[in-house]
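Asks: Structure for the following, please:
(4 chains)
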2 protein chains.
Amino acid sequence: MSNSNPATIEDVARIAEVSIATVSRAIHTPEKVANSTRLKVSQAIAITGYTTNAMARSLRLGRSNMILVVAPDIGDPNFSNILVGLENEARSHGYGVLIGHTQNDAQRGLEYLKFLNSNQAAGLILFTGILPFGHQTMTARLPPSVGVFEPVFNGGIPYVGVDDTEGARKVVDLLLAEGHRKIAFIGDSRTRLAYSRRRMGYDAGLDAAGVPNDLRTIFEGDGTIESGRLAVEQLFMRDTLPTAFMCVNDQTAIGVMIGLGARGYDIPRDFSVTGFDDVPQASFMSPALTTIRQPRTLIGKHAMALLLELLSDGQPAETEILLRPDLVVRNSVAAPSRQWIKR
Amino acid sequence: MSNSNPATIEDVARIAEVSIATVSRAIHTPEKVANSTRLKVSQAIAITGYTTNAMARSLRLGRSNMILVVAPDIGDPNFSNILVGLENEARSHGYGVLIGHTQNDAQRGLEYLKFLNSNQAAGLILFTGILPFGHQTMTARLPPSVGVFEPVFNGGIPYVGVDDTEGARKVVDLLLAEGHRKIAFIGDSRTRLAYSRRRMGYDAGLDAAGVPNDLRTIFEGDGTIESGRLAVEQLFMRDTLPTAFMCVNDQTAIGVMIGLGARGYDIPRDFSVTGFDDVPQASFMSPALTTIRQPRTLIGKHAMALLLELLSDGQPAETEILLRPDLVVRNSVAAPSRQWIKR
DNA sequence: TTGTATGCGTTATCAT
DNA sequence: ATGATAACGCATACAA
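Replies: Residues are numbered from 1 along each chain as shown, chains lettered A, B, ... in the order given. Predicted coordinates for the structure are as follows:
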């Protein structure tokens, strides 16, 4: 039925017995073409199975209707749901979504930068705390871009995410209300804005409760399960233990729970543990993890909406959209163990 | 430093005081250009920050150096590692990788089909059991394609994955060796080839051991955690219980373990549970899950290598590459409970 | 060794 | 309402 080569606009024009200009018009501005010819064209399109060559179109137009989403780690349990939010919003505005995976590798980032420089994508969503393109980016012109889930460190790029500081504050306040005073913060040493903001919430809560500095413990991890496990190993070598582990994210909390479990402790009886993100796994663990919910699809939706606005207006309506973080109380928090509280 | 518009080959040519043809040659066939001019050109490139417009190049060439990876569910815990294997192999051959996420939606699939029809990708990797493009695909010309992780049902497309039948066979044989006879298979009702192959391994093992049909139980699930949980609910309503749950994948096994745990049973003392895939989470659970390892990055590597071979030769060297599935023995399997064995 | 000119498939401008 | 044509940025056949 179809030739070996995909049909072009010329094939359609020939069959419909019109010019290629008319075919193009019949497709994009049908009101400017007579009913009779429009019919002929659409029949010809059906016969040939014509699909407009998006590449040629973009070359001519100087823009495309694809959005590139760049992520350093596509396995991040937060990524998939945010992506769905991004995609649904893009789609309802006639845009498609393509994903670039950099594996935290600048060379790979450059590849996607070339993609962008060829106008193969009209806009950019950054699921990463730093621009993933290496140093050349500083001078390079980026298309309209929006950061998501985590503020972009070195970009001055509009951002959509949850209010990390307030979320962390809600967690400490819960811990404080349960009677904890010695709360360790298992964090992330990388210069990630989202994590430092969560740390700010931790400090603010402790300040407000009048908890002195020497009761606070900070562990610099890297946000992985292994990092959480390592944290309890390290902390158990110190002379003074916390009664609660407040973790920068759920992955870390899972690691902490594994580490504590391996030492034979019961959560929450012996220690309380909290996370941040409400990753799917968080509700399946035992005990189920008390954490902060990320409104992931909503974040994606807002981020894409903001990007599309940028695409048409050129000006960002706002530079940062912070969504409300909800506390999800499950079973990993209880009053501090008597065993540790006095000592 | 740079103009508002990206530099074109003409900008480079003007500054280097040569023709655009020479610039093009200096880039792609440097041996065909004099040393002196080559130097001028590369200086001009440095000055302008020129990057070749990949879109225009592909339009002219009729092919691109991007590979599209299409996945229905990017959150699949198997996806990320396979992707890494795909990317590394592609990269070492000068190809880039772009990901399309269909969410199991044919309309979204069509979008990526248009992308392919515009020659914006030279080849296609399918991380999905069925062609995700709806019915139009039958007539559409696809670029060279390779299925990965799961055979493509309706395509006649070369495939790279683990030997599902043999893997499942290893699992039953372990269960049988532990003394189990009543082994339930918690499967997947969808017409997925990978799953039906695993089922074949189950049956083959039981046949070989002479386990009669009325001792076998099949539960048709859908491969999700929830499906595993549901399976134990259903099975407990029957009069006769298995001593082991052999699950079609790790997700299902996790659900089964959650369901069993909720009923107060201990694994593996009361029941044995096995999975398939060796998802990262499998080793973190308690008890750690006995399962079959998927050599994920290796699968990705082979699949991409096969695709690139297709791209140059046009003929697939082989139509199916089956990798060896290794049994990972952890703590979720033991001898059948006396409580259940006699009945 | 280098330059000129054509075409890849579109869309938009300008005529008609 | 429709058609001829230029241009988007590039690679290459053909000339020089």
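
Asks: contacts, neighbours, all on C-alpha from now
Replies: Noted.

Asks: Which positions in chain A make contact with DNA strand C?
Replies: Within chain A, the positions adjacent to DNA strand C are A:7-10, A:20-21, A:24, A:28, A:50-53, A:56-57, A:59-61 by CA under 7 Å from any atom of the strand.

Asks: List the residue ranges of the stretch 101-250 of chain A that fall below the pLDDT cut-off.
Replies: Scanning the stretch 101-250 of chain A with the threshold set as pLDDT under 70 gives A:136-140, A:190.

Asks: residue contacts, the residue of it found nearest chain B?
Replies: Here the residue of the stretch 101-250 of chain A nearest chain B is A:Ser118; by CA to the nearest CA that distance is 4.6 Å. Neighbour list for A:Ser118: B:Thr52, B:Asn53, B:Ala54, B:Met55, B:Ala56 [criterion: CA atoms under 8 Å, 6 or more residues apart in numbering or on different chains].

Asks: Where do the helices of chain A begin and end?
Replies: A:9-16, A:20-28, A:35-48, A:54-61, A:79-91, A:106-117, A:164-177, A:193-208, A:225-235, A:250-262, A:296-313, A:338-341 (DSSP state H).

Asks: The ones you listed: which one's closest to DNA strand D?
Replies: helix A:54-61 (3.2 Å; CA to the nearest atom of the strand).

Asks: can you list contacts of that closest one?
Replies: With contact meaning CA under 8 Å, 6+ apart, helix A:54-61 is reached by A:Ser64, A:Asn119, A:Gln120, B:Met55, B:Ala56, B:Leu59, B:Lys114, B:Phe115, B:Ser118, B:Asn119, B:Gln120.

Asks: Run a quick neighbour tally on the fourth one.
Replies: Number of residues near B:Met55 (other CA atoms under 10 Å in any protein chain shown) recorded here: 25.

Asks: Over to the first one?
Replies: Residues lying near A:Ser64 (other CA under 10 Å) number 21.

Asks: mind listing what the spatially most central residue of chain A touches?
Replies: Centroid-nearest residue in chain A, with CA atoms, centre = their mean: A:Phe149, separated by 3.9 Å. Taking CA under 8 Å, 6+ apart, we find A:Phe149 in contact with A:Phe127, A:Thr128, A:Tyr159, A:Val160, A:Gly161, A:Val162, A:Ile299.

Asks: Verify the contact between the second one and A:Glu150 for me.
Replies: Yes. Using CA atoms under 8 Å, A:Thr128 and A:Glu150 qualify as a contacting pair, with a distance of 6.3 Å.

Asks: quick one on the thing from earlier: return the distance of the residue nearest to the centre of chain A relative to DNA strand D.
Replies: Distance of A:Phe149 to DNA strand D, computed by CA to the nearest atom of the strand, to the nearest Å: 34 Å.

Asks: and the closest residue to A:Ile20 other than its chain neighbours, how far is that from B:Val171?
Replies: Leaving aside its sequence neighbours, A:Ile20 sits nearest to A:Ala13 (CA to CA, 6 or more residues apart in numbering or on different chains; 5.2 Å). The gap separating A:Ala13 from B:Val171 is 61 Å, by CA to CA, to the nearest Å.

Asks: So these two - more neighbours on which side?
Replies: More crowded of A:Ala13 and B:Val171, by other CA under 10 Å: B:Val171, with 27 against 20.

Asks: ok, how many other residues are close to A:Pro212?
Replies: 11.

Asks: Show the buried residues in the residues of chain A next to DNA strand C.
Replies: A:Ala7, A:Thr8, A:Ile9, A:Ile20, A:Ser24, A:Tyr50, A:Thr51, A:Thr52, A:Asn53, A:Ala56, A:Leu59 (16 or more other CA atoms under 10 Å in any protein chain shown).

Asks: Please look at the first one and A:Ala44 and confirm they touch.
Replies: If I follow you right, that is A:Ala7. No. Here A:Ala7 lies out of contact with A:Ala44, judged by CA under 8 Å, at a distance of 10.5 Å.

Asks: residues from the stretch 51-200 of chain A in reach of DNA strand D?
Replies: By the rule CA under 7 Å from any atom of the strand, the part of the stretch 51-200 of chain A lying against DNA strand D is A:Ala56, A:Arg57, A:Leu59, A:Arg60, A:Leu61, A:Gly62.

Asks: Run through who's touching stretch A:295-312.
Replies: A:78, A:81-90, A:122-125, A:144-149, A:159-162, A:315-317, A:323, A:325.

Asks: mind listing what's buried in that stretch?
Replies: Neighbour-count burial for stretch A:295-312 flags A:295-308, A:310-311 (criterion: 16+ other CA under 10 Å).

Asks: Sounds good, over and out.
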